[in-house]
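Asks: Fold the stuff below for me.
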Amino acid sequence: MGVALSAVMSALEALAPPSLAEPWDRAGLQVGDPAAPVDAVLVALDPSPAAVAQAALAGAQLLVTHHPMFLDPLPQIDLSTSQGRLLTRCLGEGVAVYCAHTNLDRATGGVNDWLAQRLGLREIGPLGRGEPQVKLVVTVPAGYEAGILRALAGAGAGRIGRYRGCSFRSRGVGAFEPLEGAKPFRGRAGQGEEVEEVRVETVVDRSRVRAVRAALAQAHPYETAALDLYPLEGESAAGSLGRVGALEERRTLSDFATWVGRVLDAPGVRFVGDPMAPIDRIAVCGGSGASLWREARAAGAQLLVTGDVRYHQAVDARQAGFCLLDAGHAATEGVALECLATALRDWSVETGSELRVEMFREPDPFHWVAPAEC
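Replies: The predicted structure is shown next:
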């Protein structure tokens with residue numbers, strides 16, 4: 001019978017919360033009914049006609065992709081266009097499409113963590129701006145704060161830099177009057193009550209707010225907890241677009257570029273910088289991340305590995321003495337397939353859902369040729 005598509009979506013959103021996506025992105029369900037049953041999933045980089053055809057051939061009711069089917073709203077569904085025909089085929093074959101895009105790039109354990117690990121980096125840290133945070137404030141009757149703090153920490157609240165479980169507590173007196181029909185923790189309807197309470201303050205990454213609120217609702221002894229959320233100026237160490245780390249041993253730029261091409265199975269690579277430049281600290285951003293080269297340099301990296309490097313970005317980086325390595329958009333994001341497939345397979349085992357997960361790789365859309373020798 002399979003599991004509901006909505007359950008699979010929840011598993012994907014636990015890995016890559018939609019709130020991490022860029023404002024222009026269209027991450028999430030592209031086509032399909034959240035209530036429809038799913039027992040097989042195909043994972044691909046793009047929602048291409050070939051991927052949809054393969055999903056239908058494999059008996060998969062869900063196609064999970066990194067790139068979205070729709071980036072711009074459709075003014076109309078014209079069945080004579082390529083998008084219209086693709087949508088028609090999805091509906092006709094009963095294939096839903098779900099996309100995890102820039103939210104998967106930013107997610108902990110997402111594309112860029114996988115890319116950094118694939119390139120052999122250690123001591124991996126964030127590159128670029130992190131995720132916005134909020135301050136959560138909740139009051140709890142004295143003596144119950146320990147349980148609340150455990151629930152908050154378990155849902156991911158209280159993480160500041162390399163520390164977790166961070167909170168501040170102060171004591172005070174809470175006052176309330178239960179109304180008719182209420183089920184108060186203390187007191188009775190129509191009578192004012194005062195309780196010694198503890199005010200708990202902690203920080204929460206924006207993408208974790210929903211999970212934290214759910215955990216708090218389960219753990220709090222009050223029927224309705226007094227909860228405040230305040231936006232903060234600071235950022236989390238998580239949720240950054242790229243990653244930076246160190247190589248086990250120093251290599252030359254030329255040697256490392258050749259090795260990256262093999263590891264990522266790229267049809268070709270190009271680089272900016274002295275071929276003999278020593279490289280031991282690397283930044284990565286799968287897809288199109290060349291705009292991060294200044295942040296990478298500030299983080300102590302000598303090289304940024306990415307795709308889609310533009311000419312003027314290359315010129316600016318070269319003049320600044322910084323190296324860029326362009327292995328192509330598809331090759332630097334190819335790890336997304338393993339990332340998504342592994343997450344779904346692990347979830348299937350944990351839940352006993354017996355979800356069948358397969359991957360579909362298409363060739364790079366570019367053909368590479370070497371110039372003829374004179």
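Asks: All the helices of this protein, residue numbers only.
Replies: Remark: helices assigned in the chain by DSSP state H are 5-15, 49-57, 82-93, 102-106, 111-118, 145-154, 209-219, 253-263, 293-298, 311-319, 329-333, 335-351.
Asks: what does the fourth one contact?
Replies: In other words, helix 102-106. The contact list for helix 102-106, computed with Cβ atoms under 8 Å, 6 or more residues apart in numbering, reads 15-22, 25, 27, 66, 110-112, 131, 239-241, 285-287, 336, 339-340. All C-beta spots, glycine's among them, are computed from the backbone N, C-alpha and C.
Asks: Could you give me the buried positions within the longest strand seen in the chain?
Replies: For the chain, the strand with the greatest residue count under DSSP state E is strand 193-205. Within strand 193-205, the residues that qualify as buried are Val195, Glu197, Val198, Arg199, Val200, Glu201, Thr202, Val203, Val204, Asp205, counting by 16 or more other Cβ atoms under 10 Å.
Asks: Also stretch 128-137?
Replies: For stretch 128-137, by 16+ other Cβ under 10 Å, it's Gly128, Gly130, Glu131, Pro132, Gln133, Val134, Leu136.
Asks: Distance to Gly321 for those - can I get that in CSV?
Replies: CSV is the format used below for the buried residues of stretch 128-137 (distance: Cβ to Cβ, whole Å):
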residue, distance to Gly321
Gly128, 21
Gly130, 27
Glu131, 31
Pro132, 33
Gln133, 35
Val134, 40
Leu136, 44
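Asks: so what's Leu304 bridging to?
Replies: Ala283, Leu324 (DSSP bridges).
Asks: these two touch, right, it and Ala320?
Replies: No - Leu304 is not in contact with Ala320 according to Cβ atoms under 8 Å; the separation is 11.7 Å.
Asks: neighbour count winner among those two?
Replies: Shown here are Leu304 and Ala320; by other Cβ atoms under 10 Å, Leu304 has more neighbours (31 against 10).
Asks: Now do the more buried one against Leu247, distance only.
Replies: Distance of Leu304 to Leu247, given as Cβ to Cβ, to the nearest Å: 14 Å.
Asks: before we move on, what about Pro37?
Replies: In this view, Pro37 and Leu247 are 46 Å apart by Cβ to Cβ.
Asks: Looking at these two, which has the bigger crowd around it?
Replies: Neighbour totals were compared for Pro37 and Leu247, and Leu247 leads with 16 against 13 (other Cβ under 10 Å).
Asks: Let me see the contact set for that one.
Replies: By Cβ under 8 Å, 6+ apart, the neighbours of Leu247 are Gly120, Leu121, Arg122, Phe256, Ile279, Asp280, Arg281, Ile282.
Asks: hmm, which of these are the buried ones?
Replies: In the contacts of Leu247, the ones that pass as buried (16+ other Cβ under 10 Å) are Gly120, Leu121, Phe256, Ile279, Arg281, Ile282.
Asks: Now the last one. Nearest residue, chain neighbours left out?
Replies: Taking Cβ to Cβ, 6 or more residues apart in numbering as the measure, Ile282 lies nearest to Leu303, with 5.3 Å between them; neighbours along the chain are not counted.
Asks: so who does that neighbour touch?
Replies: Residues near Leu303 by Cβ under 8 Å, 6+ apart: Leu253, Phe256, Gly273, Ile279, Arg281, Ile282, Ala283, Ala296, Phe322, Cys323, Leu324, Leu325.
Asks: how about a cut-off of 10 Å?
Replies: 247, 251, 253, 256-257, 260, 271-273, 277, 279-284, 293, 296-297, 317, 322-325 (Cβ atoms under 10 Å, 6 or more residues apart in numbering).
Asks: before we move on, what about Phe271?
Replies: Contacts of Phe271 by Cβ under 10 Å, 6+ apart are 253-254, 256-258, 260, 277, 303, 305, 309, 314, 323-327.
Asks: Give the bridge partners for it, please.
Replies: Leu325.
Asks: show me what contacts the closest residue to Ala238 other than its chain neighbours?
Replies: Excluding its sequence neighbours, the residue lying closest to Ala238 (Cβ to Cβ, 6+ apart) is Thr108, at 5.3 Å. Thr108 makes contact with 15-16, 20, 126, 131, 156, 205, 207, 236-240 under the criterion Cβ under 10 Å, 6+ apart.
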